[in-house]
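K.L.:
sequence first, predicted coordinates after that:
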Amino acid sequence: MTPTTSLRAALAAPLLLLGLLLAPAPAQAQRNGTYDVNGTNPDGTAYTGTMTIQQVGLASWRVRWQIGQAQIDGYGMSVGTVFSVGFALSERPGLSIYEIAPDGSLSGQWTLVGSSAIGSENLTPR
């Protein structure tokens, strides 16, 4: 082993460890807490409310929307900067898919099974 190779090897391990420690795990990209919701239904009408997200596993989350008098429960999964949630609205299954921004806000779309339209939603952490 040459001195240059030895120096590279000596520096590589600590740099790799530092990189692993600083990189967020998938579950760290998403945060527990309450979010303000601003959305548009598939029919174009706007709505507001809140969403509470609670971590229940490494990359799994319990989700509860409060939109007016309606309470909607679901479960989600985060992978990298993508957060997806399965839920039921009036006994119809639905799916939301969000992109997680660096500031912790989420922006995405949602639909109900059998629907021919898509809604949108923005979530801002409180």
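P.N.:
Here it is on my side, so go on. Numbering: from 1, shown residues only.

K.L.:
now the strands for the protein?
P.N.:
For the chain, the strands defined by DSSP state E cover 33-40, 46-55, 60-67, 70-79, 82-89, 92-100, 106-112, 119-125.

K.L.:
what's in contact with stretch 115-126?
P.N.:
31, 33-43, 51, 96, 98, 103-111 (Cβ atoms under 8 Å, 6 or more residues apart in numbering). Any C-beta I mention is one placed from the backbone N, CA and C, and that applies to glycine too.

K.L.:
pull out the buried members of those.
P.N.:
Y35, V37, G39, T40, M51, S96, Y98, L106, G108, Q109, W110, T111 (16 or more other Cβ atoms under 10 Å).

K.L.:
looking at those, spot the one nearest V63.
P.N.:
Looking at the buried ones among the contacts of stretch 115-126 and their distance to V63, the nearest is M51, at 6.3 Å (Cβ to Cβ).

K.L.:
got the contact list for the closest one?
P.N.:
Counting by Cβ under 8 Å, 6+ apart, M51 has contacts T34, Y35, V37, V63, R64, W65, Q66, L123.

K.L.:
make it 10 Å
P.N.:
For M51, the contacting residues are 33-37, 39, 63-67, 72, 74, 85, 96, 106, 121, 123-125, by Cβ atoms under 10 Å, 6 or more residues apart in numbering.

K.L.:
for stretch 96-106, the averaged confidence score.
P.N.:
Taken as a whole, stretch 96-106 has an average pLDDT of 96.
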